[in-house]
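> Predicted structure and sequence below. I'll ask about it afterward.
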Amino acid sequence: MSRHPSPSPAARPRRRVAAAESAARDVPEADVAGVDAFLDALWMERGLADNTLAAYRSDLTGFAAWLARRGRAGLLGAHRADVMGYLAERVQAGARRRTSARLLSSLRRFYRYQVREGRLSEDPTARVEPPRPDRPLPHALSEAEVERLLAAPDTADPIDYRDRTMLEVLYASGLRVSELVGLRLEQVSTRQGAVRVTGKGGRERLVPLGEAAVEWLDGYLRGVRPMFARGSASAAVFLTRRGTGMTRQAFWYRIRHHAEQAGIRTALSPHTLRHSFATHLLNHGADLRVVQLLLGHSDLSTTQIYTHVARARLQALHAEHHPRG
């Protein structure tokens, strides 16, 4: 295992316009304005990503529309029975428990903000129990499968050399794919063997790469990237042949291409190598809190799911190889 070692203020008016356009017709203007104020406060306090803010908006305007269709007095006039009725209706319509739990979390955060600001005296979500979502175990490749995937690109081809470098960095660091394709030159130090990443919630972390990934990255930066960067002002580390920064979609296509070449038939996701990174570290005795820091998880419980993956893998190996398995 030697391989291991926010949105801008200018974007906020555009969010308001998009919200006004996408809000249901029967959502009162006061509710739309209230949701806008709440999202602005979230952005100021937590620096949440646009996708996260959009999810909050969708949850809140959906509930507001439901209230309006039933003649209720808007979001600030909702009661506990309204919250429970809305959640129950969503479940009956086929919403998953995980989706319902996220919806309740959005409502709870909104109402806690209103209580804090003095607009409400009581939180209507306070005594509503969230459903316990089924948490699927993340899929990880075996170490042999990872080695086959890493060896799949034909590194005589500059495109494949770039792909091999990206795969090596991804597996060595456990970065999210969005963090990988978003890397800029000033975030990378091959001399120190590390990358500085800003992850979810604007949290910054320094992630070591390990010798193998550093060698591939150094070779790419010296030999391949200059070929792609001719006349390009992009500061992105990983470039396309046209000199533009790689996208998540383009890299995901390349991962699937190389997995097919490597004969890997198991289901893949853009986070498969991130999951493999965490699982393999734990299999080799890494401390859970160290893995938490490397992955950039704010909560240890998010990282703990990998202990279940590692345990399941060990049980499968025991069943396969032990004479009484």
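Good, I have the coordinates.
> Do a quick rundown of the helices in the stretch 201-325 of the chain.
Using DSSP state H, counting those that start in this stretch, the helices of the stretch 201-325 of the chain run over residues 211-219, 225-228, 248-261, 272-283, 288-295, 300-321.
> same question, the stretch 1-150 of the chain
According to DSSP H, counting those that start in this stretch, the helices that the stretch 1-150 of the chain contains are 11-22, 29-46, 50-69, 80-92, 97-116, 143-151.
> low pLDDT regions in the protein?
1-25, 131-138, 290, 293, 296-325 (pLDDT under 70).
> tell me the domain ranges of it?
Following automatic domain parsing, one finds the domains of the chain at 11-116, 143-321.
> okay, the ones you listed in JSON lines with mean neighbour count and distance to E129 next?
For the C-beta atoms, the positions are set from N, CA and C on the backbone; glycine is no exception. Supplementary listing: these in JSON lines, determined by neighbours: other Cβ atoms under 10 Å; distance: least, Cβ to Cβ, whole Å:
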{"stretch": "domain 11-116", "mean neighbour count": "16", "distance to E129": "9"}
{"stretch": "domain 143-321", "mean neighbour count": "17", "distance to E129": "18"}
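> how about TSV for the ones you listed, with distance to V128 added?
TSV is the format used below for those (distance: least, Cβ to Cβ, whole Å):
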stretch	distance to V128
domain 11-116	5
domain 143-321	21
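> nearest to P130, of those domains?
domain 11-116 (4.6 Å; Cβ to Cβ).
> Off-centre distance for the closest one?
22 Å (Cα atoms, centre = their mean, to the nearest Å).
> Please report how far T279 lies from R256.
Taking Cβ to Cβ, to the nearest Å as the measure, T279 falls 20 Å from R256.
> Throw the helices of the stretch 1-150 of the chain into a markdown table and include distance to R248, thanks.
Compiled in a markdown table, these are given as follows (distance: least, Cβ to Cβ, whole Å):
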| stretch | distance to R248 |
| --- | --- |
| helix 11-22 | 20 |
| helix 29-46 | 23 |
| helix 50-69 | 12 |
| helix 80-92 | 29 |
| helix 97-116 | 22 |
| helix 143-151 | 18 |
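> wait, what's in contact with E168?
If a contact means Cβ atoms under 8 Å, 6 or more residues apart in numbering, then E168 has R3, L150, A212, A213, W216, L217 as its contacts.
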